[in-house]
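Colleague: fold the following and give me the result.
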Amino acid sequence: KERTNSLTFAIGDYAFANCPNLANITLPTKTYMASSSIGEYAFANCESLATVTIPNRFKYLGEKAFANCINLKSVTITDGVTKIPSYFLYGCESLANINIPASVNYVGSNAFNGCKALTNVTFPDSVTYIGTEALANCISLQSVKVPFIGTSYELSGATAFADLFATSSSAIDSINPETEQPYLYSTRTMGGQRFVPYSLKSVEVTNASDIPSYAFMGLDSLTSLKIKYTTATRLRVYGAGSSYTNYDIPEIKTIGSYAFAGIKGISMFDVPSSVTHIGAYAFASSGLDNDGLIAHLNGINYIDNYAFSNLDSVTTVSIPQDVVYVSNGAFANSKNLMSFTVNNSNTALSSGIVSGCRRLGTVNINYIGTATLFAGENDSIYASTNNDPFALIFSRAIPSDMYDESDSYHNAPYYYSANGYYLPRTLDT
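Modeller: This next block holds a predicted model:
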């Protein structure tokens, strides 16, 4: 046996493909060559295969090597394997457990696509690239742990967490009989529409290097989102082959547009203290509450368009001294907001910042209307008023919630019109 094993060095393409009765395989732990390979489609469509252990000698794994092994329940990849190729376990719908060792630095696209029984996945910090749709159609997935946000450190800003899921899906219309709702729901990234499982409740990021636009946008199923940020200044990022690039990590200064938008199940998010700029719609329609808002305004200089709009759990806004610019609609449509205060006379306010805030009772600002930000001497900045009416911080457009939902005759509007602007009837101070 030892001698036979010592001469085994590779399993060729399609070697055991389409063997429906093949129930067990034992891959050799000692081989003639220092590293061996499993070819493309080597065990594809082996419908009776139940468990697989891949020894560390097999450092080269072929695409779709175990694709459509529909009764494969467990795969153990031994420490030493560095690459998991594209479509490696595609369509393994019974797979409930996958072990990814700390030696793996690359996971290809669609690697686990269609693993319908998979509930938990952990990508170790050694992984520097995860291909698009790696977790597509994993309809039972409950928790995911990843080192970074998106598909790669090097692609920061261009990809988001949801890019690991399906770009299209036949399962979107399939109904889960236990929940009586579809298995998947739709969200968006910069790359377009993505389909994420309703079962996904927990995401943990262990070594994030940025907060890109659309980072976690629309992941309304989440009840837990934990993010730890890297302390490294340079990382080695691997590709599909043996090559790598050294990626210099910049300090995180900005939360990207739509980064946490639409996550209603979370009231406070993990954000590094280095952040000074909140991108457009970054926290819009999220579960952010008063305490979360206070935490996320601390140290901020710039607040972009609608960054904190549609926050149903926020009742009080107090803009800190450090904030120098608040853009259009920054706190708009927060229906339970009752008090709005700006603490610095040099904070430039744009139009419509509290438009559609139908319960607003108190506004405390340092000048009338809006202001423009200017640079002064010695790197100073100051706000110069635009001689606008006070009402400009509200809306010219008729609010979508003009009337009380229970007022079918429209006798009790939430707003009144003043010189073409719509102000809440609750405003008294």
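
Colleague: the stretch 301-429 of the chain: strands as residue ranges?
Modeller: Under the criterion DSSP state E, counting those that start in this stretch, the stretch 301-429 of the chain contains strands at 302-303, 316-319, 325-326, 339-342, 348-349, 362-364, 371-375, 381-385, 415-418, 421-424.

Colleague: ok, which of those comes nearest residue 37?
Modeller: Distance to residue 37, taken as C-beta to C-beta, is lowest for strand 302-303 among these, at 52.1 Å. All C-beta spots, glycine's among them, are computed from the backbone N, C-alpha and C.

Colleague: distance between that closest one and the chain's centre?
Modeller: Distance of strand 302-303 from its chain centroid, counting by C-alpha atoms, centre = their mean, to the nearest Å, is 21 Å.

Colleague: who does that strand pair up with?
Modeller: strand 277-278 (parallel), strand 325-326 (parallel) (DSSP bridges).

Colleague: list the contacts of the first one.
Modeller: By that I understand strand 277-278. The contact list for strand 277-278, computed with C-beta atoms under 8 Å, 6 or more residues apart in numbering, reads 253-255, 296, 300-304, 307-308.

Colleague: still on that earlier bit, so which of the strands paired with strand 302-303 gets nearest residue 53?
Modeller: strand 277-278 (47.8 Å).

Colleague: what about that closest one, distance to the chain center?
Modeller: 17 Å.

Colleague: could you do stretch 18-32 as well?
Modeller: Offset of stretch 18-32 from its chain centre (C-alpha atoms, centre = their mean): 38 Å.

Colleague: now do that stretch: everything it contacts.
Modeller: Under C-beta under 8 Å, 6+ apart, the answer for stretch 18-32 is 2, 5-9, 11, 16, 36, 38, 43-55, 57-58.

Colleague: restricted to strands, list these.
Modeller: The strands, defined by DSSP state E, take in 11, 36, 38, 51-54, 58 from the contacts of stretch 18-32.

Colleague: rewinding a little: columns mean pLDDT and mean neighbour count on top of the strands of the stretch 301-429 of the chain, output as CSV?
Modeller: Listed next are the strands of the stretch 301-429 of the chain as CSV, based on pLDDT from 0 to 100; neighbours: other C-beta atoms under 10 Å:
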stretch, mean pLDDT, mean neighbour count
strand 302-303, 96, 22
strand 316-319, 97, 19
strand 325-326, 95, 24
strand 339-342, 97, 18
strand 348-349, 92, 26
strand 362-364, 96, 15
strand 371-375, 78, 15
strand 381-385, 77, 15
strand 415-418, 88, 15
strand 421-424, 92, 22
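
Colleague: residue 371: what's its closest spatial neighbour, skipping adjacent residues?
Modeller: Closest residue to residue 371 apart from its sequence neighbours, by C-beta to C-beta, 6 or more residues apart in numbering: residue 383 at 3.9 Å.

Colleague: any idea how far that neighbour lies from residue 211?
Modeller: Look at residue 383 and residue 211: by C-beta to C-beta, to the nearest Å, they are 27 Å apart.

Colleague: same question for residue 179.
Modeller: Counting by C-beta to C-beta, the gap from residue 179 to residue 211 is 31 Å.

Colleague: so who does the residue nearest to residue 223 when sequence neighbours are not counted touch?
Modeller: The shortest distance from residue 223 to any non-neighbouring residue, by C-beta to C-beta, 6+ apart, is to residue 265 (4.5 Å). Residue 265 makes contacts with 220-223, 287, as judged by C-beta under 8 Å, 6+ apart.

Colleague: mind picking the two most distant members of the residues you listed?
Modeller: 221 and 287 (12.5 Å).

Colleague: so residue 295 makes contact with residue 267?
Modeller: No: when contacts are counted by C-beta atoms under 8 Å, residue 295 is not listed as touching residue 267 (10.0 Å).

Colleague: follow-up on the earlier one: show the buried residues in the contacts of strand 277-278.
Modeller: For the contacts of strand 277-278, a burial check counting by 16 or more other C-beta atoms under 10 Å picks out 254-255, 296, 300-304, 307-308.

Colleague: which of the residues you listed sits closest to residue 205?
Modeller: For these, the nearest to residue 205 is residue 255 (14.0 Å; C-beta to C-beta).

Colleague: so what sits opposite that closest one in the bridge?
Modeller: residue 211, residue 278.

Colleague: could you shift the numbering so residue one becomes 703, and keep it that way?
Modeller: New numbering, starting at 703: the last item is residue 957.

Colleague: roughly how far apart are it and residue 1123?
Modeller: Distance of residue 957 to residue 1123, given as C-beta to C-beta: 30 Å.

Colleague: next: residue 1088.
Modeller: Computed as C-beta to C-beta, the residue 1088 to residue 1123 distance reads 15 Å.

Colleague: over to residue 824?
Modeller: Taking C-beta to C-beta, one finds residue 824 at 53 Å from residue 1123.

Colleague: and if you look at residue 1094?
Modeller: Residue 1094 is 7 Å from residue 1123, by C-beta to C-beta.

Colleague: mind checking how far the residue nearest to residue 1073 is from residue 820?
Modeller: Per C-beta to C-beta, residue 1085 is found 53 Å from residue 820.

Colleague: right, I'll call it a day here.
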